[in-house]
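Q: Here is the input, now give the coordinates:
(chains A and B)
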2 protein chains.
Amino acid sequence: MQKQHTNMNYTIRQMTDTEAIIIRYGEIALKGKNRINFENKLLDNIERIAKARPKRTSGRFILYIDAKDMQKTAEKLKKVFGITSLSIAKEVDLDMDKIGSEALERAKGRRFRTFRITAQRTQKRLKPSPDIEREIGAYIVEKTGKKVKLKDPDLEIFIEISEHAYVFTEKMQCHGGLPVGIEGNVALIIEEKNKKELDKSILAGLLMMKRGCNIYPFRYSSMKASMKKSANDKKSLKLLEDYGAKTIVIAKDINEIQTKALKMQCRALAIGNTIGNLSGPHKEIETDMVILTPLISYNEKEISEKLKGFR
Amino acid sequence: MQKQHTNMNYTIRQMTDTEAIIIRYGEIALKGKNRINFENKLLDNIERIAKARPKRTSGRFILYIDAKDMQKTAEKLKKVFGITSLSIAKEVDLDMDKIGSEALERAKGRRFRTFRITAQRTQKRLKPSPDIEREIGAYIVEKTGKKVKLKDPDLEIFIEISEHAYVFTEKMQCHGGLPVGIEGNVALIIEEKNKKELDKSILAGLLMMKRGCNIYPFRYSSMKASMKKSANDKKSLKLLEDYGAKTIVIAKDINEIQTKALKMQCRALAIGNTIGNLSGPHKEIETDMVILTPLISYNEKEISEKLKGFR
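A: All right, here's what the predicted structure looks like:
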């Protein structure tokens, strides 16, 4: 009876508090109009995934969604190019007592012997970051009896200050890059002769998306008929979609690809060839389109490592 | 008087000993005929730089040159693609006493408090590596009074065993990749509108060379006339040459480049465009040759870091 009561209290508490995902982004050297385009496109791409449009704050986006969808949405957002890192945070008022009790709440759910508080202000409010760190740190020590350790602590509690205070314990690293769609449309030929060639096509598409291109993938109809896709192949193809590629289009030959690609306003055609297989498929492609070879200077090991990084 | 005497002895000793450069190479997954082509091309490329042909031993090359040229030649060899690392070593007989006294000699010239012996056998001779390490280690401790420390020692003395024993203290990391010339000829357009574009062309050339291509760089004659090269630009252009590119050819337009490139049996044309400047120079190039875009998925930061790595 006692236990059930506690659980209910906790549920109510969670629902009245504000949870949010902090979204960090940015490429060095993006300035002026480029930066605005970057931000708008990234907001669009996030909205499509999260079904909610984040709020802008100083150099960050804050996304408010149902608490139950937080983890799942964060996992999906990891595949949105342009985002450099994510944190699921509690949003509280700019008030040291509230920040302290939220930090304590975060600490209580965790097993640790040592901890540190890391504060950052994206707006100059409340008080200097070192003061916040010291005061909240002292409060946690007092309440838990744990030790502060600045280097390699078991637990790091982050406090970010802008219009509100955000308290969290994890920064999920993402891929960065440019938001898909900022650099125009590129057709991608999916080569399916074998697993290796397929993986190269997929990686070529991902790399172009990471540089902001919309990717329109094309498959040859002959390939489709003659090949049984393994679960692995399907997983590879799904990767492209997860990162925001358009639906795969079937075409019977390069002429049909070119016609369809031009209709989709593709400015170029990407292929996954390396220098080793340059005399292969590349030679067969006769097209007026600009051909892009993002993997041309990669070796096998680099290709498989890069692709693993995106899975 | 005493000092001069010692110096003289030392000089004589150095000249009667055999110094050699150990050259390590190899890409994972090179097998059969590919491996033999790789080795022969690499031997050719080394011979051209070092004016001496290395000897093959188990998975290594051993290069014998004048002791006075060692350091300078090693620096030059760092720019030979295909080499993964280099060591300037003393070659001694497969005899524990001789190895021990050579290791001691190496230690004497150095200031250190802790050391370790790291032995490796590319041929199963003499005795197991752990035994070599323990015995030579004990000998150095006895003679110098220094301490063995396996993790992060001040000094590491390496012993490699094949047909002879090689004793050395440094492994110079090199770029690896494939030997220039193993993958056929590629023309490179050197874009000189500004420093950034120039650097991109240079990097595109270097990356293609690292994948084994012979690079034939082309400059537009109009550019040459209208531009004063800074010292920096000259240094960039020299990089291409240092890594084994052919002499730069001047041409007045893309037609002349194509004609000359085909005469040089170039199978493709590399350009340093990124997706951001794709609508720039790339569009102006109308050619029947295959165009390679090794930098198409790189951002500015990656480009400048990569290029720095080659300097």
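Q: Going by C-alpha atoms from here, please, whenever you check contacts or count neighbours.
A: Noted.
Q: which outside residues touch stretch A:303-311?
A: The contact list for stretch A:303-311 (C-alpha atoms under 8 Å, 6 or more residues apart in numbering or on different chains) reads A:79, A:199, A:200, A:203, A:239, A:295.
Q: change it to 10 Å
A: With contacts defined as C-alpha atoms under 10 Å, 6 or more residues apart in numbering or on different chains, stretch A:303-311 is touched by A:78-79, A:174-175, A:196, A:199-200, A:202-204, A:206-207, A:235-236, A:239-240, A:242-243, A:274, A:295, A:297-298, A:300-302.
Q: For the helix or strand harbouring residue A:71, name the packing helices and strands.
A: Secondary structure assignment for residue A:71, by DSSP states H and E: helix A:70-77. Other helices and strands packing on helix A:70-77, by 3 or more C-alpha pairs under 10 Å, 6 or more residues apart in numbering or on different chains; DSSP states H and E, are strand A:18-25, helix A:32-50, strand A:83-92.
Q: would CSV of these with mean pLDDT, mean neighbour count and distance to chain B be doable?
A: Formatted as CSV, the helices and strands packed on helix A:70-77 follow (pLDDT from 0 to 100; neighbours: other C-alpha atoms under 10 Å in any protein chain shown; distance: least, C-alpha to the nearest C-alpha, whole Å):
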stretch, mean pLDDT, mean neighbour count, distance to chain B
strand A:18-25, 94, 23, 15
helix A:32-50, 91, 17, 11
strand A:83-92, 96, 22, 15
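Q: mind checking how far the helix holding residue A:71 is from the chain centre?
A: Relative to the centre of its chain, helix A:70-77 is centred 9 Å away, using C-alpha atoms, centre = their mean, to the nearest Å.
Q: Please name the residues that touch the residue lying closest to residue A:113 once chain neighbours are set aside.
A: Nearest residue to residue A:113, sequence neighbours excluded (C-alpha to C-alpha, 6 or more residues apart in numbering or on different chains): residue A:146, at 5.7 Å. By C-alpha under 10 Å, 6+ apart, residue A:146 lies in contact with A:107, A:112, A:113, A:114, A:115, A:137, A:138, A:140.
Q: and the residue of the stretch 51-200 of chain A nearest chain B?
A: Chain B sits closest to residue A:183 of the stretch 51-200 of chain A, with a gap of 7.4 Å, by C-alpha to the nearest C-alpha.
Q: what's the neighbour count on that residue?
A: Residue A:183 has 19 neighbouring residues, counting by other C-alpha atoms under 10 Å in any protein chain shown.
Q: cool, and the one 10 residues further on?
A: The criterion is other C-alpha under 10 Å. On that basis, residue A:193 has 11 neighbouring residues.
Q: you'd agree it is in a strand?
A: No: using DSSP: H, G, I helix; E, B strand; the rest coil, the secondary structure at residue A:193 is coil, not a strand.
Q: separation between residue A:133 and residue A:113?
A: As judged by C-alpha to C-alpha, to the nearest Å, residue A:133 and residue A:113 stand 18 Å apart.
Q: Show me the helices in the stretch 151-300 of chain A, by range?
A: Counting by DSSP state H, counting those that start in this stretch, the stretch 151-300 of chain A has these helices, from start to end: A:195-210, A:221-226, A:231-242, A:254-263, A:283-284, A:300-310.
Q: highest average neighbour count across those helices?
A: Per residue and on average, the most neighbours among the helices of the stretch 151-300 of chain A fall to helix A:195-210, with a mean of 23 (mean count of other C-alpha atoms under 10 Å in any protein chain shown).
Q: Give the other helices and strands that it contacts.
A: Applying 3+ C-alpha pairs under 10 Å, 6+ apart, one finds that helix A:195-210 makes contact with strand A:185-189, strand A:214-220, helix A:231-242, strand A:266-270, helix A:300-310.
Q: Go again with 7 Å.
A: On a contact count with 3 or more C-alpha pairs under 7 Å, 6 or more residues apart in numbering or on different chains; DSSP states H and E, helix A:195-210 meets helix A:231-242.
Q: Return the residues of chain A in contact with chain B.
A: A:207, A:208, A:211, A:292, A:293, A:294, A:295, A:296, A:297 (C-alpha under 7 Å from any C-alpha of the partner chain).
Q: Keep only those of those that are in strands.
A: Those of the residues of chain A next to chain B mapping onto strands are residue A:292, per DSSP state E.
Q: Surely residue A:294 touches residue A:202?
A: No: using C-alpha atoms under 7 Å, residue A:294 makes no contact with residue A:202, being 11.2 Å away.
Q: Now, the contacts of residue A:146 that are in helices?
A: Using DSSP state H, the subset of these located in helices is A:107, A:137, A:138, A:140.
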